[in-house]
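A.B. asks: give the three-dimensional model of this entry:
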Amino acid sequence: LVESCIDEGDGGGALSIAVDDLGYLHMSRLRVVTGDLVHTQIGPDGVPVHTVVAQGISELGNDLIDDTDIVIFNGQPAICFRNSAGRFEVAMRGDAGWARSTVVNNDTAGVACELGVLAGRLVTAYSQGRQLRFATRNPNGSWSTQVADSPGRDVGREAALAVYDGIPVIAHRDAGAGALRVTRRVNGAWRTTVVANDSSSIGFRPAIWVDAAGVRVYHGGVPALPDQGGDGNLWQAWGALDADEYNQFLLDSGSAGGGQAVGIVGQEFALLARQRQRSAVFGQFDAIHFWARADAGLRLTLSSAGGADPRRLYTRLDFVSDPFGLPVLAYSEERAADIGEPAVSQFCFHRAIDSDADALPDPFEIEYGTDPNRADSDGDGRSDGDEYLIDGSDPRGCDDGIRGGTETDVDCGGSCEPCENGQACVLAADCVSESCIAGRCAAGASCDDGVLNGQETDVDCGGDDCGACVDGSACSVGADCLGGVCED
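C.D. replies: Model prediction:
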């Protein structure tokens, strides 16, 4: 992963990120001093384009907005935010620019908000007063709202929303009871499972993932002084989607739990988390860690500051995947001034490197077969990214009617699809039949073709499909040999 940071002095508040189908990065954020809501778009060239979506929605020192969320809806970014003028709004970008709609006129609504897409419609989970609420955007642009959870205490804090199989699932903190609550709507009815800890308050800044295996929530113990003192513990809760009780265990007790975001890399759960240590014994330490394989405990440090370094505050951690399943990580960073060094207020993101700026990250190009150092691998005048993501064509040149690149025959073999029988080949993998004889793809392996192929251990013998081999032939196991013994 490669890091990029943008320092606007005050522009990293209430950060959230999304990635569209073309791999463009979208960020919603707040310019703290002016109170402006800003959308930042970053394309393959890495150049940020900033647009003010709403002016003066936040008041520094009086009514500071500290949460937004951004998603891609119908190919365009949508942002939820609370307006200090006393309403909760959603802004959507269209062909004519940004348009705003009011979800509800209430000065407590949207202190925490999350967006999602459910059955082709934009939805939002948000706090209002002491309740957790949920709203759905109607075809005419209005919003239908409902109470999702209201136990008579302060719930809905730091809500995190996931949608799976038509079911919205919301993890949020119960500030009154010091517990994590997981609320979901099934068959039109809302129900909540409570996760508590007898010795401490939990549920701080939860991050949620839902799939066929169930619900997984990473959350912190509530610090005594959030973002001022040190953090405490990072917990993981999990259970079936319809479970009345969730399992829970302590994942990290090393000054963690103050900020986390979850995603998937390959088939593994991955976690972005911060560490904030403030100890009279062990000193001060700040870090951002990426748990590339969270279940296996594989943790990489992306950024850190030891006791001798200027103090750093990492907030607004976010984690999404690009169109290729690769992680995109983001966070805001406040860095104290040091001797000869000014204070820093920036927002940073980490994503897979794209050496030729063609919108296809290097790890994907290496696996797919295009050149990660050449934006137009097949030399047809269209970048690899444009062909693959926009045109739906093959940037390897596998559909141009010409033999080129790694192809062994016209538009097949090498990094392209395998060739049919009779076409040129170099390796068995170049052929649909997986049989390359004398430079031509041949019929599939058989036990009398005079060629070592298929699962044979020697020519026309051994393996699961052919008969046993005579003594002196190559073998892998005893069953490959007439004598029943395979020796080196």
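A.B. asks: so where do the helices sit in this protein?
C.D. replies: Using DSSP state H, the helices of the chain run over 362-368, 384-385.
A.B. asks: quick one: contacts of stretch 40-54?
C.D. replies: 4, 6, 23-29, 36-39, 77, 79, 81, 83, 89, 91, 98, 100, 354, 357-359, 385 (C-beta atoms under 8 Å, 6 or more residues apart in numbering). No exception for glycine: its C-beta is placed from N, CA and C like everyone else's.
A.B. asks: at 6 Å what do you get?
C.D. replies: If you take C-beta atoms under 6 Å, 6 or more residues apart in numbering as the criterion, stretch 40-54 is touched by 6, 24-27, 36-39, 91, 98, 357, 359.
A.B. asks: give the buried residues for it.
C.D. replies: 40-42, 44, 53-54 (16 or more other C-beta atoms under 10 Å).
A.B. asks: could you do stretch 351-360 as well?
C.D. replies: Quick answer for stretch 351-360 (16+ other C-beta under 10 Å): 351-352, 354, 356, 358-360.
A.B. asks: strands of the stretch 201-350 of the chain, start to end?
C.D. replies: Ranges of strands in the stretch 201-350 of the chain, per DSSP state E, counting those that start in this stretch, are 204-211, 214-220, 232-239, 247-265, 268-279, 283-293, 298-305, 312-321, 327-335, 344-351.
A.B. asks: ok, and for the fifth one, which residues are buried?
C.D. replies: It stands for strand 268-279. 269-278.
A.B. asks: neighbouring strands of it in the sheet, and parallel or not?
C.D. replies: If you go by DSSP bridges, strand 268-279 pairs up with strand 247-265 (antiparallel), strand 283-293 (antiparallel).
A.B. asks: now do it against strand 232-239, angle only.
C.D. replies: 150 degrees (axes from the mean of the first three to the mean of the last three C-alpha atoms, to 10 degrees).
A.B. asks: what are the contacting residues of strand 268-279?
C.D. replies: Residues contacting strand 268-279 (C-beta under 6 Å, 6+ apart): 229-231, 255-256, 258-263, 284-295, 314, 317, 319, 329.
A.B. asks: let's have the buried residues of stretch 351-360 in JSON lines, adding pLDDT and distance to residue 306.
C.D. replies: JSON lines is the format used below for those (pLDDT from 0 to 100; distance: C-beta to C-beta, whole Å):
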{"residue": "351", "pLDDT": "96", "distance to residue 306": "26"}
{"residue": "352", "pLDDT": "96", "distance to residue 306": "28"}
{"residue": "354", "pLDDT": "96", "distance to residue 306": "32"}
{"residue": "356", "pLDDT": "95", "distance to residue 306": "36"}
{"residue": "358", "pLDDT": "95", "distance to residue 306": "38"}
{"residue": "359", "pLDDT": "95", "distance to residue 306": "37"}
{"residue": "360", "pLDDT": "96", "distance to residue 306": "37"}
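A.B. asks: mind putting the residues you listed into JSON lines with distance to residue 412?
C.D. replies: Shown next, in JSON lines, are the buried residues of stretch 351-360 (distance: C-beta to C-beta, whole Å):
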{"residue": "351", "distance to residue 412": "33"}
{"residue": "352", "distance to residue 412": "29"}
{"residue": "354", "distance to residue 412": "28"}
{"residue": "356", "distance to residue 412": "25"}
{"residue": "358", "distance to residue 412": "24"}
{"residue": "359", "distance to residue 412": "26"}
{"residue": "360", "distance to residue 412": "21"}
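A.B. asks: quickly note the distance from residue 167 to residue 184.
C.D. replies: 6 Å (C-beta to C-beta, to the nearest Å).
A.B. asks: swap that for residue 96, sorry
C.D. replies: Taken as C-beta to C-beta, the span from residue 96 to residue 184 is 36 Å.
A.B. asks: rewinding a little: which one's more surrounded, residue 167 and residue 184?
C.D. replies: residue 184 (23 against 15; other C-beta atoms under 10 Å).
A.B. asks: and stretch 108-126, what's buried?
C.D. replies: Under 16+ other C-beta under 10 Å, the buried positions of stretch 108-126 are 109-116, 118, 122-126.
A.B. asks: what two of those are the furthest from one another?
C.D. replies: 111 and 118 (22.1 Å; C-beta to C-beta).
A.B. asks: returning to what we had before: ok, so of the buried residues of stretch 108-126, who is nearest residue 199?
C.D. replies: Scanning the buried residues of stretch 108-126 for proximity to residue 199, where the rule is C-beta to C-beta, the winner is residue 112, at 25.6 Å.
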